[in-house]
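K.L.:
For reference, the sequence and a predicted model appear below.
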Amino acid sequence: MQMLYNSDHFVVVAFEVPAPEGQATPARGGYEIVDKFARKEIYLQGALAQRFQQGVQALVEQGPNPEAIDEFIGGFTELAQQPVVLH
């Protein structure tokens with residue numbers, strides 16, 4: 001688990017689950033996005049996680065612009081249904 005982004009609005013954490021030793025299966029993983037204002041989170045994996053990663057990389061290559069990154073992330077959190085619960 002690695003925190004990739006933390007703004008006033010969002011937190012993005014990357015998860016990577018390595019393949020079991022001795023097995024040829026690829027590593028699995030994804031991204032958890034927490035919307036701090038809506039108090040909801042979503043976990044992206046597979047093709048959606050790849051699309052998210054490519055979009056963020058394209059934004060980063062254009063230069064640091066937290067507003068553009070937050071707007072991009074906000075498009076994914078519109079799908080969020082899981083409420084954030086503190087233990």
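P.N.:
Nice, thanks for sending it over.
K.L.:
The spatially most central residue of the chain: which element?
P.N.:
Geometric centre of the chain, nearest residue: Y31, 3.4 Å, by CA atoms, centre = their mean. Assigned by DSSP states H and E, Y31 belongs to strand 28-35.
K.L.:
Just list what that strand packs against, helices and strands only.
P.N.:
Applying 3 or more CB pairs under 8 Å, 6 or more residues apart in numbering; DSSP states H and E, one finds that strand 28-35 makes contact with strand 10-17, strand 40-45, helix 46-61, helix 66-77. C-betas here are computed from N, CA, C, even on glycine.
K.L.:
what's the angle between that strand and strand 40-45?
P.N.:
160 degrees (axes from the mean of the first three to the mean of the last three CA atoms, to 10 degrees).
K.L.:
ok, strand 28-35: who's next to it in the sheet?
P.N.:
strand 10-17 (antiparallel), strand 40-45 (antiparallel) (DSSP bridges).
K.L.:
measure D35 to G63 for me?
P.N.:
In this structure, D35 and G63 are 24 Å apart, going by CB to CB, to the nearest Å.
K.L.:
More neighbours: the two, which one.
P.N.:
D35 (19 against 7; other CB atoms under 10 Å).
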